[in-house]
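>>> curious how this folds, go ahead:
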Amino acid sequence: MEVKIISDKKNPLLKRREVYFQVEHTQTGSTPPRLEVRKAVANALKTSIDLVTIKKFETKTGTHVANGIANVYDSIEQARLIEPEYIIKRNVPSEKPKEEEKE
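Residues are numbered from 1 along each chain as shown. I've put the predicted structure just below:
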């Protein structure tokens with residue numbers, strides 16, 4: 001999976017960087033999971049994965065190229081203050097449901 005940064009703009013009012021990126025995923029074939037893309041974008045920007053939120057991510061039809069938008073915040077608190085709840089939930093690893101023990 002190759003990450004190419006298309007645009008990187010600083011937004012001082014919201015204390016974040018707004019990044020437009022492109023991912024080429026010919027090795028996997030299908031669109032990679034959001035969490036893997038988040039990790040790859042964090043590595044490309046040389047920042048912590050906790051500060052990166054993937055806002056939009058979609059593959060162009062018939063290709064192995066996906067375009068996306070990521071926000072890189074200065075702090076985790078700022079991200080929780082600005083980002084909608086559903087975006088935050090999409091960027092958190094899903095917990096497997098615990099099986100309740102039967103008595």
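>>> which pLDDT does the model give Pro84?
pLDDT recorded at Pro84 is 93.
>>> give me the number of residues near it?
The tally of other residues near Pro84 (other C-beta atoms under 10 Å) stands at 9. Using the backbone N, CA and C atoms, a C-beta is placed for each residue, glycine as well.
>>> quick check: phi and psi on the closest residue in space to Ala42 that isn't next to it in sequence?
Once flanking residues are discounted, Ala42 sits nearest to Ile49: 4.2 Å by C-beta to C-beta, 6 or more residues apart in numbering. Backbone torsions of Ile49, given as degrees, to the nearest 10, read phi -70, psi -30.
>>> ok, Ile49 to Asn43 distance?
8 Å (C-beta to C-beta, to the nearest Å).
>>> next: Ser75.
Taking C-beta to C-beta, one finds Ser75 at 20 Å from Asn43.
>>> and if you look at Ala70?
Ala70 is 12 Å from Asn43, by C-beta to C-beta.
>>> quick one: which of those two has more around it?
A count of neighbours by other C-beta under 10 Å puts Ala70 above the other of Ala70 and Asn43, at 26 against 12.
>>> could you export stretch 33-45 as PDB, CA atoms only?
C-alpha atoms of stretch 33-45 as PDB (Å, rounded to 0.1, in the frame of the first residue of the first chain):
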ATOM      1  CA  PRO A  33      -9.500  -1.100   6.000                       C
ATOM      2  CA  ARG A  34      -9.700   2.400   7.300                       C
ATOM      3  CA  LEU A  35      -7.500   1.600  10.300                       C
ATOM      4  CA  GLU A  36      -4.600   0.400   8.000                       C
ATOM      5  CA  VAL A  37      -5.000   3.600   5.900                       C
ATOM      6  CA  ARG A  38      -4.900   5.700   9.100                       C
ATOM      7  CA  LYS A  39      -1.700   4.000  10.200                       C
ATOM      8  CA  ALA A  40      -0.100   4.500   6.700                       C
ATOM      9  CA  VAL A  41      -1.100   8.200   6.600                       C
ATOM     10  CA  ALA A  42       0.400   8.700  10.100                       C
ATOM     11  CA  ASN A  43       3.600   7.100   9.000                       C
ATOM     12  CA  ALA A  44       3.800   9.200   5.800                       C
ATOM     13  CA  LEU A  45       3.200  12.400   7.800                       C
END
